[in-house]
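Engineer: Give me coordinates for this.
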Amino acid sequence: MRHRIKAKHFNRDSNARKALFKNLVRSLVEHGFIVTTESKAKEIKRISDKIISKAKVDSVATRRLLHRFFGRRDVVNTLVDRIAPEFSDRNSGFTSIEDVGLRRGDNTKLSKLSLVKMPVRMHSLKNAESTIKPVENKKVSSKKVVTKKVAPKKAVVKKSVLVKETVSKTKPKKEKK
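Structural biologist: Now for the predicted structure:
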């Protein structure tokens with residue numbers, strides 16, 4: 001019997017398990033969905049629902065609390081500024097689990113854990129600001145640029161041929177007359 005065993009350990013020690021959960025929740029916040037095994041998805045659903053309900057209260061204290069879990073300010077800002085306002089009318093059930101199928105390698109059940117409501121812009125605030133850069137006008141030189149037309153290279157198909165050679169390390173025996 002499994003008395004007093006609350007959660008699964010996933011064959012990891014406590015630090016590795018916390019890192020796994022932190023990274024999966026971070027991916028859920030950044031992308032809006034993750035595809036993982038069924039048991040991991042159930043555990044991440046528990047954790048992410050608690051974190052999103054905390055993020056609904058926008059204060060410095062909750063941002064510091066979330067930063068202690070994530071360790072990255074852009075993920076915390078994305079969660080508080082973009083994702084949590086979408087769930088202002090809900091008290092729970094922020095994520096949903098859907099069955100995807102079976103993994104090809106080990107036949108494990110895969111599940112897709114996704115947010116119920118997706119914001120219009122999903123990526124983190126830091127990535128959105130860093131991708132937009134002002135274009136500077138550069139002075140164009142008066143030199144003439146000559147471009148050559150190059151014919152496209154033909155794809156070379158290599159055929160891998162396996163040649164098995166039998167090499168005997170023993171000396172051949174001499175025939176008796």
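
Engineer: from here on, contacts and neighbour counts on C-alpha atoms
Structural biologist: Will do.

Engineer: Return the per-residue confidence for Thr170.
Structural biologist: With respect to pLDDT, Thr170 scores 60.

Engineer: ugh, typo on my part, it should be Asn23
Structural biologist: pLDDT at Asn23 comes out at 96.

Engineer: again with Arg4
Structural biologist: 84.

Engineer: And for it, the neighbour number?
Structural biologist: Neighbourhood size, Arg4 [other CA atoms under 10 Å]: 6.

Engineer: Surely it is within a helix?
Structural biologist: No - assigned with DSSP: H, G, I helix; E, B strand; the rest coil, Arg4 falls outside any helix and is coil.

Engineer: right, and the helix or strand after the helix or strand hosting Leu28?
Structural biologist: According to DSSP states H and E, Leu28 maps onto helix 14-31. Using DSSP H and E, the helix or strand that follows helix 14-31 in sequence is strand 33-37.

Engineer: Within the sheet, what are the partner strands of that next one, with directions?
Structural biologist: Sheet partners assigned to strand 33-37 using DSSP bridges are listed as strand 109-115 (antiparallel).

Engineer: just the angle between the strand it pairs with and helix 14-31, please?
Structural biologist: 60 degrees (axes from the mean of the first three to the mean of the last three CA atoms, to 10 degrees).

Engineer: for this protein, what helix or strand is lowest in average pLDDT?
Structural biologist: The helix or strand of the chain with the poorest confidence is helix 125-131; it has a mean of 54 (mean pLDDT, DSSP states H and E).

Engineer: picking that back up, can you name every helix or strand that the helix holding Leu28 contacts?
Structural biologist: Contact partners of helix 14-31 among helices and strands, from 3 or more CA pairs under 8 Å, 6 or more residues apart in numbering; DSSP states H and E: strand 33-37, helix 38-55, helix 60-70, helix 73-78, strand 109-115.

Engineer: May I see these arranged in a markdown table, with mean neighbour count and mean pLDDT as well?
Structural biologist: Output for those, formatted as a markdown table (neighbours: other CA atoms under 10 Å; pLDDT from 0 to 100):
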| stretch | mean neighbour count | mean pLDDT |
| --- | --- | --- |
| strand 33-37 | 19 | 96 |
| helix 38-55 | 18 | 96 |
| helix 60-70 | 15 | 96 |
| helix 73-78 | 20 | 94 |
| strand 109-115 | 21 | 97 |
